[in-house]
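> only geometry, no sequence info:
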């Protein structure tokens, strides 16, 4: 994909997710010739087309119908300081601006994935937007080795080896910031130790033996399309981010399809999904880190036919604080989820904890795992869980939650829960 097409796609995604405004933010790429492609100045971020993207040639000549972003100086300074960085995202997403205006950086160690993707976060002092002084200051911070920084009273800027890498880091850092803030609303977010983070980073996808699959039957093609469709829907709804999220669906017996570990979730296609058959993986593909866990769940629970492991911000507020996620908010929440246990990071007890009455689990500082018969049912449970978590977080400033009482729960159990 041409740099102008990549930039137009990503800025549209950022705008549609509510992570920048019509006038705010700018992104860029540097190509093999040293030319910098960047979003234009004062053009609606919600309608940008590839033809609107500006090319600033290595010799300083400008190609395109508009002026380049006023923040071009710090983009250029970062590329000069860091040859390994080939794409940059700068925006003013609400959670990261919250840290910017209190002059703090997010603690990415609350989530191993955030620490893995973002690394340590730098901090740049204030200078006039668009000035050479700001470019120098930001460039100096990147020269220290950071790939993500908070800009004082301004926002954030992140770099990557390509546009997917930069966007994934941006989305992950904003997600981490939101999780921390929501966690502070209901409790005290807890960081993971360096040993636990290291154990996550050393956890590579399982090296399964390979099998060659030539053709997919109609049932498998349909399920592949279902998985990719659900992943894209989850991304659009903020229930999954580029860098994290696993979806699997059972085929026959204990064989199943599962998302790969090396494809950004926004870009997932049906053909990227990995077939696991008789404990072997489809050749040439890298399955999710969670493959062994999903495999054990399918073996132990023949009635479970789909699994989603993901991070969504309000559910993760409970994961990073350890606070009880009480789903007795409204009848639908309890009917769909019943009681959701919370287990420690790194626990190996997940398959044994799941049952008809326990379809979902919170894994502290890690993820939310939910199961079901059909994939749509599993996704519905995820939506209900995130909506319930959001209601609890939003109610915290109003007072203590009053849950549905035991007698009311028993009435729901009698009428709605299968025996």
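Yes, it's here. Since the model is a prediction, treat every value here as computed from it, not as a measurement.
> In the lengthiest helix in the chain, which residues are buried?
Secondary structure of the chain read by DSSP state H shows that its longest helix is helix 163-186. Neighbour-count burial for helix 163-186, counted by 16 or more other CB atoms under 10 Å, picks out 163-183, 186. (Glycine included, C-beta is placed from N, CA and C.)
> Outline the domain layout of the chain.
Split into domains by automatic domain parsing, the chain comes to 3-186, 211-416.
> Give the residue spans of the chain that score low on pLDDT.
Counting by pLDDT under 70, the ranges of the chain that qualify are 201-206, 214, 419.
> would you list every one of the helices in it?
Ranges of helices in the chain, per DSSP H, are 3-16, 72-81, 94-102, 112-118, 132-142, 163-186, 194-201, 218-236, 291-300, 313-321, 331-337, 350-353, 375-395, 406-416.
> just to revisit the earlier point, can I get the domains of the chain in JSON lines including distance to residue 192?
Below are the domains of the chain laid out as JSON lines (distance: least, CB to CB, whole Å):
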{"stretch": "domain 3-186", "distance to residue 192": "5"}
{"stretch": "domain 211-416", "distance to residue 192": "5"}
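> Name whatever forms a beta bridge with residue 158.
Under the criterion DSSP bridges, residue 158 forms beta bridges with residue 89, residue 148.
> That one touches residue 168, doesn't it?
No. In this structure, residue 158 is not within contact of residue 168 by CB atoms under 8 Å, at 9.2 Å.
> So which of the helices of the chain has the densest surroundings on average?
helix 313-321 (a mean of 26; mean count of other CB atoms under 10 Å).
> about what we covered before: any chance of the helices of the chain in CSV, plus distance to residue 344?
Output for the helices of the chain, formatted as CSV (distance: least, CB to CB, whole Å):
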stretch, distance to residue 344
helix 3-16, 34
helix 72-81, 39
helix 94-102, 26
helix 112-118, 13
helix 132-142, 36
helix 163-186, 17
helix 194-201, 10
helix 218-236, 25
helix 291-300, 15
helix 313-321, 11
helix 331-337, 20
helix 350-353, 11
helix 375-395, 19
helix 406-416, 26
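> between these, which one is nearest to residue 151?
helix 94-102 (6.1 Å; CB to CB).
> The closest one to helix 313-321, inter-axis angle?
With axes from the mean of the first three to the mean of the last three CA atoms, to 10 degrees applied, the angle from helix 94-102 to helix 313-321 works out at 60 degrees.
> The helices of the chain: which one's closest to residue 364?
helix 313-321 (5.4 Å).
> outside of that closest one, which residues touch it?
Contact partners of helix 313-321, identified using CB atoms under 8 Å, 6 or more residues apart in numbering, comprise 110-111, 175, 178-180, 182-183, 185-190, 238, 311, 323-325, 342, 362-368, 385-386, 389-390, 392-393.
> Let's see that with 7 Å instead.
Defining contact as CB atoms under 7 Å, 6 or more residues apart in numbering, one finds that helix 313-321 is touched by 110-111, 175, 178-179, 182-183, 186-190, 238, 325, 342, 362-366, 368, 385-386, 389-390, 393.
> ok, now stretch 330-346?
In contact with stretch 330-346 (CB under 7 Å, 6+ apart) are residues 192, 196, 199, 318, 322, 324-325, 327-328, 349, 353, 357-366, 381, 384-385, 388, 404, 409, 412, 416.
> so who does residue 158 touch?
Residue 158 sits next to 89, 147-148, 166, 169-170, 173 when contact means CB under 7 Å, 6+ apart.
> swap in residue 152?
Counting by CB under 7 Å, 6+ apart, the residues that residue 152 touches are 100, 103, 124-126.
> Pick the one among the residues you listed closest to residue 135.
Using CB to CB, the contacts of residue 152 come closest to residue 135 at residue 124, 10.6 Å.
> so what's that closest one bridging to?
Here residue 124, judged by DSSP bridges, has bridge partners residue 151.
> Wait, it touches residue 151, no?
Yes. The pair residue 124 / residue 151 is scored as a contact, 5.0 Å apart, by CB atoms under 7 Å.
> Now a ChimeraX select for only the buried ones of the contacts of residue 152.
Selecting the buried subset of these in ChimeraX, with 16+ other CB under 10 Å as the burial test, is done by:
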select :100,124
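> May I see the contacts of residue 152 organised as TSV, with distance to residue 64 added?
As requested, the contacts of residue 152 are exported to TSV (distance: CB to CB, whole Å):
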residue	distance to residue 64
100	30
103	36
124	28
125	32
126	30
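> Between the contacts of residue 152, which sits nearest residue 19?
Each of the contacts of residue 152 was scored against residue 19 by CB to CB, and residue 100 proved nearest at 13.9 Å.
> The closest one reaches residue 151, doesn't it?
Yes. Here residue 100 reaches residue 151: they are 6.1 Å apart, a contact under CB under 7 Å.
> Need the overlap of contacts for residue 124 and residue 151.
residue 138.
> how far away is residue 59 from residue 109?
Applying CB to CB, to the nearest Å, the value for residue 59 to residue 109 is 44 Å.
> neighbour count winner among those two?
Remark: of residue 59 and residue 109, residue 109 carries more neighbours, 19 against 7, as counted by other CB atoms under 10 Å.
> Contacts only, for the nearest residue to the more buried one once chain neighbours are set aside.
Using CB to CB, 6 or more residues apart in numbering and skipping the chain neighbours, the partner closest in space to residue 109 is residue 191 (4.3 Å). Shown in contact with residue 191 (CB under 7 Å, 6+ apart): 107, 109-110.
> so how far is residue 99 from residue 191?
From residue 191 over to residue 99 (counting by CB to CB), the distance is 16 Å.
> now do residue 398
Distance, residue 398 to residue 99, using CB to CB: 25 Å.
> Show me what the residue nearest the centre of the chain is bridged to.
Among the residues of the chain, the one closest to the centroid is residue 241, at 2.0 Å (CA atoms, centre = their mean). As for beta bridges, residue 241 partners with residue 244 under DSSP bridges.
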